[in-house]
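J.: Next input, structure requested:
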Amino acid sequence: MDVMAEAEALGADAYITGEWYTRTRPPEESDREWAESNRTACDAYAASSHMALVGFSHAATEYLVMKTQMAPWFQDRGLEVECAEQSDWWR
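T.: Take a look at the predicted model:
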């Protein structure tokens, strides 16, 4: 939460991330204790923050960069680009 607190202290009104609550759901059972602790910390920070906290899936944030930044970069080099959206961004 240190990065978010720093952004808020610098006057940010919103924090947009692909790494918010998704990091509290571990793929491995061995990470459950860490995830529960992180979930508690995320909830406490959200309750105390004045920023709008917006979380997207990892895939969705990467797609946005690929579509808005990388596709034009390749197109500028004469390559044809087609961005394929996923049907379920939260899989």
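J.: burial count for the residue nearest to residue 85 when sequence neighbours are not counted?
T.: Distances taken as C-beta to C-beta, 6 or more residues apart in numbering put residue 63 closest to residue 85, at 6.8 Å, once the chain neighbours are dropped. The C-beta positions use only the backbone N, C-alpha and C, and glycine is treated the same way. Residues lying near residue 63 (other C-beta atoms under 10 Å) number 17.
J.: Quick check: phi and psi on residue 63?
T.: Backbone torsions for residue 63, taken as degrees, to the nearest 10, come to phi -60, psi -40.
J.: What of residue 17?
T.: Backbone torsions for residue 17, taken as degrees, to the nearest 10, come to phi -150, psi 160.
J.: do you know how far it is from residue 35?
T.: Using C-beta to C-beta, to the nearest Å, we find residue 17 at a distance of 17 Å from residue 35.
J.: Quick check: pLDDT value at the residue located most distally from the centre of the chain.
T.: What lies farthest from the middle of the chain is residue 78; by C-alpha atoms, centre = their mean that is 31.0 Å. Note on residue 78: pLDDT of 97.
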